[in-house]
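**Student:** dropping the sequence and predicted coords here.
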Amino acid sequence: MINTNISDSATKLNSLNRRMFILATAKIIILGGIVSRLFFLQVKENKKYLTLSDKNRIREWKLPPIRGEFQDYFGNTIAGNFEAYQLHIIPEEVEDFRYVIYRVKELLELSDKQFKKILKKKNEIKPWETLIVADNLSWEKFSKINNHLYDLNGVKPVISISRDYPYKENFTHVLGYVSQANENDLLTNENIKEKFVPGLKVGKTGLEKSFEQKLIGSNSVERYEVNAYGRRISQLAFQKGDKGETIKLTIDTKIQELSNDLLKEKAGSICVMDIYTGAIIAMHSSPSFDPNSFVFGISQDEWQLIRNNPMKPLVNKSLSGNYSPGSTIKPIVALSALENEIIKPDFTVQCRGHKNPLELYGQTYHCWKKEGHGFVNLREAMKQSCDTYFYEVARRLGVDRLSVTAKKFGLGQKVFKDVFDNEKKGLVPNTEWKKNALGRNWVLGETIITGIGQGFIQTTPIQLCLMTAQIANGGYKIYPKIVANDDNQYADKFTPLYKKSRNIKIVQDAMFSSTNEVRGTSYRSRLDDPKYRFAGKTGTSQVKKITEQDRELDLKTFQIPYEERDHALYVAFGPYKSPRYALSIIIEHGGSGGTVAAPLAKELFKLIVDRHEIRKNYDNKKYLDI
Amino acid sequence: MYQYRRFNNKNGFFQKFGNLDYVLLTCLLILGFISLATMYSTDGGEILFHTRSHFIKFIVFFSMMIVISFINIKFWFSLGYFSYAIILGMLVWTVNFGITASGSKRWIDLYFLNLQPSELMKIFIILFLAKYFHRMKTQHVNSFYAICFSLIVIFVPMSLVMIQPDLGTSLLIAISGIVVLWFAGLNHKYFFYSCLLSIISLPIIISFLKPYQKLRVLTFLNPDRDPLGAGYQIIQSKIAVGSGGITGKGFLKGTQSYLEFLPEKHTDFIFTLYSEEFGFIGSVLLLLIYAIIIYRVIRIGALSRSYFAKLFCYSFGTSIFIYVVINMSMVLGLLPIVGSPLPIMSYGGSSMLATMIGFGIVMSAKTHSQQSIA
């Protein structure tokens, strides 16, 4: 029994030890497998997992880029940046959010509506994200908050950078304005999409929009280590972004401001241009509005007020206002006729007043002057703006030849090409255009009224300004520019637009007479000092056809309803002795050009000529500095 | 009888003290130190709850192990069936009155501590089966009765744990039991056939799995199918280990764990954190320590006189090996994720208690290596 017991336990032990041996071998193999797996992950694939780990833990935060500035010709900032006082709260860092937010409400005197908006915003963000309670506080409120900080745990007064337009409404239509980027901005502009951060402000109209790429700058980037929940743990790096480019304009703020003053309470536009360089000296559209109200989002009431104003403050009239040029087209009609040798300067027509108007195919065509001008040659007709004379010239010239000259001088096409997205082309009609666009044949009557700038023809104030500038500089092609260092080189710059330069001289002289000689339409607005003396042409464009009844009533401007009053226009260049600047003025529904628009030119030229000296000196000084 | 007395006389206190396996003790202390350092790192470089609690548990249970090692192996032999019954009772209690945490009932409230009986079962099932086979004659081991009985012994606690539900621990219990069966000399063909059977029935078993368990299997097969959901743990774990490199990111500098990308970093995934901070060299070193520990345990078994002690030591050593392998394979993406702690390293009182009891019994076998058991 004992014997069997011993042998049995011996076999048991043998079996046990044998099996242990088998298993030990298996264990070594398995252990080798684990080690090789470790080797694979930690040594061979180390780089891959290291990258993944960094991707896990490092996150970048983009800060809003600092927008480039706009300067006027003399380096004054016309759109800059200012330090906005803001109030931020990170909800999770606040112990008692309810208490703090009510305290803030009290201190900032927030309305219930604003307060609800903030609470709604708070619910939309994660607790560790920044809640912007106020984005532009006054200094008083900001310091009030700072004084109560001991009581406001977790509230952060922050100074951030925001857009500022120091000249308020003066540059609105040139510069446009910035506001919070919306979905549409992101879809249409890759650059904005790339640099987008919540609260980013982008240009919505004007140059702010056109030069977005240059202005936007680049984001500063903060690199943070974050945990699995996206909470920042520590800052690893700060990469400073570049401020956007500063863009210098050719505009003279003084003249721009005067334009704004002159157009106060009126709807209209003033454009002033250097006739040799094409530099825009002033370009203003009235009424204007304060672009600063858009930076932090405009209030609904203010927006409705702007939107519903019958004078249309949102429209940049200088570029997108299409007007019949009225008599301001006459220099081009005259020039075209001279160039095509239809008439000579001594060509004479008899203007017989309203009793004996020009009659064609049953239509009558009246001169503006009831009594008529009698026998007039080209110079006299321009001076007194005799319509009858130009009916006859237009009839002889034909619309096709007229349209060729008009287009040559810049009418009917965009002056700034792509710089402004809201610029209109205007319209210079010809027979072919009418057939294509309206499907009907051109009739002679339409040629006749085109001769005095009525009918189909449509021009923008900036086109009229360019036209005048090109007449003033002796008939050479120029390209208007608004950015000072616009280095676009056009091959056909300064190519002559005339066949005979004498013809340009004749037209210039006729325009001189219109302003500086007795019976000239703008004689009353003349400046006698030769230093300031300028030449111009008035225009009064009808908004509505004058009926026989109207003619009999012969109402004064103020007696006619606002919408039916004539547009007053004036184009001029000066100083006459050696011309340098051209301008165009339009006052919507202002009445006659001679009485309403021309006097503004007088004011403008006084300043323009004075400023010219300063501008020249500024240029010289600039070169000396180099 | 003479022999018995002779060796009995020699077993005085100081004799026993000298007989302790100091290599094993040193390795356990090093492991304890490593686990404390790692725990300190999971707390973000501060002595917080986990570190303090782990430290206390390690000290208490380590001392307990020493105490156990001074108690005669015969006592543990005699306790074999009884302790199994007690733990089984606790499991039944757990099923009915356990504490529910994150969807499963695993703990029972013992007023001074929350105990997880399933962890203890991993050790006491070995004790039970070792005692059972100790008495058995070789020709009876492969008898129908013995096999049925031992399978029931394994199956009952396993199913009790399964319904908690805790698939990982129930599998580990089963593996511990099967390991004993293997050492006891159960015919190889049974293991072969049951392996074959389980492979064939694998699709059927999978269809019986709970949706979250099925998801784990699918995730194991392709972790990238839901990187932020089910695959998140394993992906982040692999990133942590992989980014450790050869020398690691340095103590307290593991970004994956420090920044809370690692799930369960105190418990099942503690190796990930360790591996991230100490790299390939550290990981191999840790494996080496485990290997030495297991080697020492098996060596103690080999030097023991009694069959019971041998069987227990071999089985316990092998079980520890399997726990380590399963845990590491899981965090290295070699196995699907099942809840299985890394012995001593992972945070968890019950697991530490069970492991230390196991080592205590092994140590008792060492100090009483010449003790024969009738």
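**Tutor:** Now that the structure is in, tell me what you want to look at.

**Student:** which residues in the stretch 451-600 of chain A form strands?
**Tutor:** Assigned by DSSP state E, counting those that start in this stretch, the stretch 451-600 of chain A shows strands spanning A:535-541, A:567-574, A:581-587.

**Student:** gap between the first one and the chain center?
**Tutor:** This means strand A:535-541. In terms of C-alpha atoms, centre = their mean, to the nearest Å, the centre of strand A:535-541 is found 27 Å from the chain centre.

**Student:** dump the strands of the stretch 451-600 of chain A into TSV; add distance to B:G358, mean neighbour count and mean pLDDT as well.
**Tutor:** To be clear about C-beta, it is placed using only N, CA and C from the backbone, and glycine gets the same treatment. Below are those laid out as TSV (distance: least, C-beta to C-beta, whole Å; neighbours: other C-beta atoms under 10 Å in any protein chain shown; pLDDT from 0 to 100):
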stretch	distance to B:G358	mean neighbour count	mean pLDDT
strand A:535-541	106	30	92
strand A:567-574	103	30	93
strand A:581-587	100	30	94
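
**Student:** among these, which is nearest A:F294?
**Tutor:** Closest to A:F294 of the strands of the stretch 451-600 of chain A, according to C-beta to C-beta: strand A:581-587, at 25.9 Å.

**Student:** so what strands line up beside that closest one?
**Tutor:** strand A:268-274 (antiparallel), strand A:567-574 (antiparallel) (DSSP bridges).

**Student:** before we move on, the earlier item: ok, which of the strands of the stretch 451-600 of chain A comes nearest A:S9?
**Tutor:** Of all these, strand A:581-587 sits nearest to A:S9, with 121.4 Å by C-beta to C-beta.

**Student:** returning to what we had before: closest one to A:K156 among the strands of the stretch 451-600 of chain A?
**Tutor:** Closest to A:K156 of the strands of the stretch 451-600 of chain A, according to C-beta to C-beta: strand A:581-587, at 51.1 Å.

**Student:** okay, the angle between that closest one and strand A:535-541?
**Tutor:** 20 degrees (axes from the mean of the first three to the mean of the last three C-alpha atoms, to 10 degrees).

**Student:** now tabulate the strands paired with strand A:581-587 in a markdown table and tack on distance to A:A282.
**Tutor:** Shown next, in a markdown table, are these (distance: least, C-beta to C-beta, whole Å):
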| stretch | distance to A:A282 |
| --- | --- |
| strand A:268-274 | 4 |
| strand A:567-574 | 13 |
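
**Student:** out of those, which comes closest to A:D135?
**Tutor:** A:D135 sits nearest to strand A:268-274 of all these, at 33.8 Å, using C-beta to C-beta.

**Student:** ok now the closest one, how far from the chain's centre?
**Tutor:** How far strand A:268-274 lies from its chain's middle: 15 Å, per C-alpha atoms, centre = their mean.

**Student:** okay, now the closest residue in space to A:Q454 that isn't next to it in sequence: neighbour count?
**Tutor:** Spatial nearest neighbour of A:Q454, excluding adjacent residues (C-beta to C-beta, 6 or more residues apart in numbering or on different chains): A:S324 at 5.3 Å. By other C-beta atoms under 10 Å in any protein chain shown, 25 other residues sit near A:S324.

**Student:** repeat for A:T364
**Tutor:** 11.

**Student:** just A:F605 next, same as before
**Tutor:** Residues near A:F605, counting by other C-beta under 10 Å, number 26.

**Student:** please apply the same query to A:K214.
**Tutor:** A:K214, neighbours per other C-beta under 10 Å, totals 14.

**Student:** hang on, isn't it packed against A:F70?
**Tutor:** No - contact criterion C-beta atoms under 8 Å: A:K214 and A:F70 do not qualify, at 10.8 Å.

**Student:** so what sits against both of the two?
**Tutor:** Taking C-beta atoms under 8 Å, 6 or more residues apart in numbering or on different chains as the criterion, A:K214 and A:F70 both touch A:I247.

**Student:** thanks again, I'm all set now.
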